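Engineer: fold the following for me, if possible:
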Amino acid sequence: MFRNLTIFATLLALFVVVLGAYVRLSDAGLGCPDWPGCYGSLILDESQEGIEYAAENYERPLEASKAWKEMIHRYFASTLGLVILILTFMAWRKPELHLRGLTTSLSLLVMFQGALGMWTVTLLVKPVIVMSHLLGGLATLSLLLLLLLRVRNKRLADENRNGCVKSLASIAMVVLVVQIALGGWTSTNYAALACPDFPTCYGDAWSPDVDYKEGFVLWRGLGVDYEFGVLSNEARAAIHWVHRIGALVTTAVLGLLAIFLIRLSAFKESLMMLGLLVTQVGLGIFNVLLNLPLHVAVAHNAIAAVLLLSLVYINFRLNNE
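Structural biologist: Predicted coordinates for the structure are as follows:
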């Protein structure tokens, strides 16, 4: 039962991460101007009375489609939090599982995620908060997969372990997390189309005129509404350009790891990661060439999450004793 509930929680966490990306990319992050309710209610009131109440008490007019997207995301996220609390309770009831520390960490993380969700609204989608919320969601997803792997106790055979490969897999994990953070920073600052050409940024420019200093200011004070971005084109282009450079570095590191895995006869793991990597690079290119279609942008976020899971899986199988 514990294993089946962990599988359910992992799949639900992946869905919540992808749904959160859809909410953010469809500009519904402030669909509800308050928290945890929406225009004063836990269930959106679309009646005439509800619309009048929203107009009288909130500066932001009620847009039902955006509000429902935000609330549905909150419902699923709350369900995930409840499931994680149940897993923690079960782990503490069965000390022989040796999972108390991991499940307790998950419970604390999901509580912090709730706080980040609240701050996302109350701080008007401040980029550093939104990016942290994304990373927290991915951390929750990764820990749930780790929990599942701990339960199944699945690992590579002893003869397939190699110190160099284990170190490279750890480096690849760090590089990918940094690249995902850059992607989150790009998205939350509305910089995904700041470089409208590919592979260059503006026309033939391989060294575009950008503002790196302004593009990577993490904290800009309180009271600023960041919806649709506040940065100059040069600052947004700097963010986008760094994300592209990060994509090259990430591709090189993960590609090298795939080669080493093939040499260790871990063909399935290598092909899985390479397939995800090629798909992710292709989606990134299509985002630029097709002017950021919503379904492609959401898929880009989803594959990033699955790619991270593949590295969690590979690292566990290489390092677990």
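
Engineer: avg pLDDT for the host helix or strand of Gln113?
Structural biologist: Using DSSP states H and E, the element containing Gln113 is helix 100-122. Mean per-residue pLDDT for helix 100-122: 95.

Engineer: swap in stretch 86-95?
Structural biologist: For stretch 86-95, the mean pLDDT works out to 93.

Engineer: can you pull out the residues in contact with that stretch?
Structural biologist: Contacts with stretch 86-95, where a contact means CB atoms under 8 Å, 6 or more residues apart in numbering, come from 1-2, 5-6, 9, 97, 99-100, 102-104, 106-107, 147. Heads up, the C-betas are built off the backbone N, CA and C, glycines and all.

Engineer: which of the residues you listed lies closest to Val306?
Structural biologist: Using CB to CB, Ala9 is the member of the contacts of stretch 86-95 that lies nearest Val306, at 16.3 Å.

Engineer: enumerate every residue touching the most centrally placed residue in the chain.
Structural biologist: With distances taken as CA atoms, centre = their mean, the residue of the chain nearest its centroid is Leu134 (4.0 Å). For Leu134, the contact set (CB under 8 Å, 6+ apart) comprises 17, 20-21, 180, 184.

Engineer: distance of Asp197 from Asn189?
Structural biologist: Plainly put, Asp197 is 19 Å away from Asn189 if you go by CB to CB, to the nearest Å.

Engineer: who's more crowded, the two?
Structural biologist: Using other CB atoms under 10 Å, the more surrounded residue of Asp197 and Asn189 is Asn189, with 23 against 13.

Engineer: that one contacts Ile239, correct?
Structural biologist: Yes: if you go by CB atoms under 8 Å, Asn189 and Ile239 touch, sitting 5.6 Å apart.

Engineer: which neighbours do the two share?
Structural biologist: In contact with both Asn189 and Ile239: 215, 231, using CB under 8 Å, 6+ apart.

Engineer: flag the shaky bits of the stretch 201-321 of the chain, pLDDT-wise.
Structural biologist: 320-321 (pLDDT under 70).

Engineer: where exactly do the helices run in it?
Structural biologist: In the stretch 201-321 of the chain, the helices defined using DSSP state H, counting those that start in this stretch lie at 212-215, 233-263, 267-289, 294-319.

Engineer: so which elements touch the last one?
Structural biologist: Just to be clear, that refers to helix 294-319. helix 2-25, helix 127-152, helix 163-188, helix 233-263, helix 267-289 (3 or more CB pairs under 8 Å, 6 or more residues apart in numbering; DSSP states H and E).

Engineer: repeat for the first one
Structural biologist: Using 3+ CB pairs under 8 Å, 6+ apart as the contact criterion, the neighbours of helix 212-215 among helices and strands are helix 233-263.

Engineer: what's the angle from the helix it packs on to helix 294-319?
Structural biologist: Orientation note: helix 233-263 sits at an angle of 40 degrees relative to helix 294-319 (axes from the mean of the first three to the mean of the last three CA atoms, to 10 degrees).

Engineer: buried set for helix 233-263?
Structural biologist: Neighbour counts over helix 233-263 (16 or more other CB atoms under 10 Å) mark 235-244, 246-247, 250-251, 253-254, 257-258, 260-261 as buried.

Engineer: swap in stretch 279-289?
Structural biologist: Applying 16+ other CB under 10 Å to stretch 279-289 flags 279-281, 283-284, 286-288 as buried.
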